[in-house]
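>>> quick check, what structure comes out for this input:
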Amino acid sequence: MLFLLPRGLPGWDNHVRGAMNSPELFTSLLKIMSALAVTVIIMFAVAYLFKRFVGKTVWGIKNKELINILSVKYLGAKNSIMLIDVLGNIMVIGVSGSKITLLTEIETPESLEQLKDVWRREDKTVSFSEQLALLKSRFFPPEKGSRP
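Numbering: from 1, shown residues only. Predicted structure coming up:
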């Protein structure tokens with residue numbers, strides 16, 4: 001009924017003032033806001049539960065176990081060669097800006113053993129303090145006659 005009365009008609013101001021001061025307006029606004037709050041809380045709860053229980057696994061297998069990128073060699077902008085492990089199969093793929101191409105699949109036991117040897121040599125973990133000492137020695141070489 002509020003939109004049917006144009007502003008120039010008599011009684012317009014009284015009608016608008018009465019509607020704004022009505023306790024029914026406050027209660028209906030309160031109901032709408034509480035319904036919105038409950039809906040938003042339910043949406044966040046469902047998203048949290050979905051992420052917690054379903055998001056970690058795909059068909060009961062953890063995502064980290066399906067595909068592992070073993071090595072990447074960047075050739076240029078948006079071009080690279082990747083060595084990947086997909087469910088135990090070692091593949092070499094070429095990746096460009098528009099496509100991915102299987103270059104070869106490593107199947108020979110000699111090549112797989114050679115890869116394992118390379119990973120064993122590179123699997124040396126260096127502690128933070130060792131890395132910090134290495135960086136310090138690079139940027140601030142020890143002076144002659146001073147103690148390390």
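
>>> sheet partners, orientation included, of the longest strand seen in the chain?
Ranked by residue count and defined by DSSP state E, the top strand of the chain is strand 67-76. Note on strand 67-76: by DSSP bridges, its sheet partners are strand 79-86 (antiparallel).

>>> show me what the helix or strand following the strand it pairs with is packed up against.
Remark: after strand 79-86, the chain's next helix or strand is strand 89-95, criterion DSSP states H and E. Under the contact definition 3 or more C-beta pairs under 8 Å, 6 or more residues apart in numbering; DSSP states H and E, strand 89-95 sits against strand 79-86, strand 100-106. Heads up, the C-betas are built off the backbone N, CA and C, glycines and all.

>>> what's the angle between strand 89-95 and strand 100-106?
150 degrees (axes from the mean of the first three to the mean of the last three C-alpha atoms, to 10 degrees).

>>> name the surrounding residues that touch strand 89-95.
Applying C-beta atoms under 8 Å, 6 or more residues apart in numbering, the contact partners of strand 89-95 are 70, 79-85, 100-107, 112, 115.

>>> buried sites along it?
90, 91, 92, 93, 95 (16 or more other C-beta atoms under 10 Å).

>>> average pLDDT for it?
Summarised as a single mean, pLDDT over strand 89-95 is 89.

>>> domain-wise, how is this protein divided?
According to automatic domain parsing, the chain comprises the domains 12-53, 63-139.

>>> tell me how many other residues crowd residue 116.
10 (other C-beta atoms under 10 Å).

>>> and for residue 96?
So residue 96, with other C-beta under 10 Å, has 13 neighbours.

>>> now do residue 103
By other C-beta under 10 Å, neighbour count at residue 103 equals 11.

>>> one more: residue 120?
Neighbours around residue 120, by other C-beta under 10 Å: 9.

>>> please apply the same query to residue 104.
10.

>>> now do the contacts for the nearest residue to residue 73 once chain neighbours are set aside.
Distance criterion C-beta to C-beta, 6 or more residues apart in numbering; nearest residue to residue 73, sequence neighbours excluded, is residue 81 at 4.8 Å. The neighbourhood of residue 81, defined by C-beta under 8 Å, 6+ apart, consists of 72, 73, 75, 92, 93, 94, 95, 103.

>>> for this structure, give me the ranges with low pLDDT.
1-22, 55-65, 121-126, 144-148 (pLDDT under 70).
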